[in-house]
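K.L.:
Structure, please.
(chains A, B, C and D)
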2 protein chains.
Amino acid sequence: MNIENADPPSGRKSGWKQNPEAVRQDILHAAIAEFAEKGLSTARVDDIAAKTKTSKRMIYYYFDDKQTLYEHALEAAYAQVRQGENALQLDHLSPQDALAKLVAFTFDHHRNHPDFIRMVMIENVHHAETLAKSEAIQKLNIPVIEKLAAICTRGQADGIFRTDVDPTVLHWQISALSFFNVSNRPTFSALFGDQLFAEAGQAALREQVVHMVLASVYKSKDRP
Amino acid sequence: MNIENADPPSGRKSGWKQNPEAVRQDILHAAIAEFAEKGLSTARVDDIAAKTKTSKRMIYYYFDDKQTLYEHALEAAYAQVRQGENALQLDHLSPQDALAKLVAFTFDHHRNHPDFIRMVMIENVHHAETLAKSEAIQKLNIPVIEKLAAICTRGQADGIFRTDVDPTVLHWQISALSFFNVSNRPTFSALFGDQLFAEAGQAALREQVVHMVLASVYKSKDRP
DNA sequence: CCCCAATTTAACTCTCCAGTACAAAATCCT
DNA sequence: AGGATTTTGTACTGGAGAGTTAAATTGGGG
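P.N.:
Alright, predicted model coming up:
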């Protein structure tokens, strides 16, 4: 879908053969899918190769080994998802509305990017060893907190938010609810049924989550 | 710590040699530790054996293969944790206090049983395939919901809780916040620092979590 | 005390799979 | 064109680790 061998229009970046950048991307997408599906050690390089337009040999050509490939795949997964988040425009909204929109957006966004969630789950299983080494990923996460900090500041200036709201805590809350919804769906629905994960259930949960987070930042007297 | 080879006081259950039940338990504990630490496929049977008083061959003697051992380890992990929960007595408390206590307890309990959390994480990475097959585990989870349902009923009878509170949703909320706190600590602290996971931070988070959950069940007019 | 069934030990096999050796294209440079 | 360099295909290797073979040990019942 991405590359056509007929007339490469603007590709051929690094002054060399057929668009190496596109090949890298192709491999990374396949790798994300495989790692997200199976986990780091269960993932098979041969299976990643099979999902690719290219071969196993090429994977080792572009990325040195499985671990390196995993690092790049993790980075790519973060980049893609955070990029989507950065597109959100909240400045024109009141602090309450901005926060509500951010929470609802995050809930949906996580739901729409299960592969990303699963990469993070896997990273947590591995004690975040890879993530801890990647400065690139750490930089990608600064804007999330900044966005929340701006909302907090405005909300406090308006006298509506509690004075002790903490952007990091807020992010923890939003993440916890939105992340768990995707990460623990398998066990939760195996134990308690999957009604909550059908459309109606999810809509209700999103509502709940938005309310919970908003309630936690309001001063008591201002609660709607 | 559990077994002494000096005078087996009441052991020797199955009418045969040195307490096979104790050996099983020994293996299961080692297995839980190893699986929780490394994940299903990264875990090494040899390493489990090394943590045991017995040998690798014995593991295959008592449990047929790695997968079977994993199943039993998962079951044991659930049994242990749910048993701790069942000890909670809530009937003598008002619905609000009961719920608050249950939430705070769950938050702490999860925090104190990281191996259990990690087993569940791993199970989710594997799409809960093993959990889905275990009726034993599914039964273990009924009391949690029943306990919540009882609290909801009482709260509604008192006219304090909303009429549409749902025990399953409530459990989802409590679990999400308490689970994520343990499961995602590695990535979260790699990205945003580990202040939230130090004692003070955790105490504050627990407070927050209790408030959030309570707020979500109160009728608006009754919110404290 | 001797046999049998229940355990246990140690050494072994066999498969899977990450990673590689090697050489054949393909592309660019002059 | 022809040599240098980069890209790709094929077939292979080496090691790790799940699971096994087969013999030794133990305790109990007769």
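K.L.:
Helices of chain A, residue ranges please.
P.N.:
Using DSSP state H, the helices found in chain A span residues A:20-38, A:45-50, A:56-62, A:66-86, A:95-112, A:114-125, A:129-133, A:135-140, A:142-157, A:167-183, A:185-192, A:199-217.
K.L.:
hmm, who's touching the second one?
P.N.:
Spelled out, that is helix A:45-50. Outside of helix A:45-50, the residues within contact range by CB atoms under 8 Å, 6 or more residues apart in numbering or on different chains are A:27, A:30-31, A:34, A:38, A:55-56, A:58-59, A:66, A:69. Where C-beta positions appear, they are placed from N, C-alpha and C, glycine not excepted.
K.L.:
and if we set it to 7 Å?
P.N.:
A:30-31, A:34, A:55-56, A:59, A:66 (CB atoms under 7 Å, 6 or more residues apart in numbering or on different chains).
K.L.:
before we move on, what about stretch A:207-224?
P.N.:
Under CB under 7 Å, 6+ apart, the answer for stretch A:207-224 is A:96, A:99-100, A:103-104, A:107, A:155, A:160-162, A:165, A:170, A:173-174, A:177, B:169, B:208, B:211-212, B:215-216, B:223.
K.L.:
mind checking how far the residue minimising distance to the centre of chain A is from A:Leu99?
P.N.:
Nearest to the mean C-alpha position of chain A, counting by CA atoms, centre = their mean, stands A:Val81 at 4.2 Å. Computed as CB to CB, to the nearest Å, the A:Val81 to A:Leu99 distance reads 20 Å.
K.L.:
Repeat that for A:Glu129.
P.N.:
On the measure of CB to CB, A:Glu129 and A:Leu99 end up 33 Å apart.
K.L.:
How about A:Tyr218?
P.N.:
10 Å.
K.L.:
Those two: which has the busier surroundings?
P.N.:
A:Leu99 (26 against 18; other CB atoms under 10 Å in any protein chain shown).
K.L.:
My guess is the more buried one contacts A:Ile151. True?
P.N.:
Yes: at 5.3 Å, A:Leu99 counts as touching A:Ile151 under the criterion of CB atoms under 7 Å.
K.L.:
close enough to count as contact, A:Lys101 and A:Leu90?
P.N.:
Yes: A:Lys101 is within contact range of A:Leu90, at 6.3 Å (criterion: CB under 7 Å).
K.L.:
With neighbour numbers in mind, choose between those two.
P.N.:
Neighbours were counted for A:Lys101 and for A:Leu90 using other CB under 10 Å; A:Leu90 has more, 19 against 16.
K.L.:
which non-adjacent residue is nearest that one?
P.N.:
A:Ala98 (4.0 Å; CB to CB, 6 or more residues apart in numbering or on different chains).
K.L.:
A:Asn112 - how many residues pack around it?
P.N.:
So A:Asn112, with other CB under 10 Å, has 12 neighbours.
K.L.:
correction: A:Gln83
P.N.:
11.
K.L.:
Quick check: residues of chain A near chain B?
P.N.:
With CB under 7 Å from any CB of the partner chain as the criterion, chain A meets chain B at residues A:39, A:41-42, A:120-125, A:127-128, A:131-132, A:138, A:141, A:145, A:168-169, A:172, A:175-177, A:179-180, A:183-184, A:186-188, A:190-192, A:196, A:208, A:211-212, A:215-216, A:223.
K.L.:
Going through the residues you listed, which ones are buried?
P.N.:
The neighbour count (16 or more other CB atoms under 10 Å in any protein chain shown) marks A:39, A:41-42, A:120-125, A:127-128, A:131-132, A:141, A:168-169, A:172, A:175-177, A:179-180, A:183-184, A:186-188, A:190-192, A:196, A:208, A:211-212, A:215-216 as buried among those.
K.L.:
No further questions, thank you.
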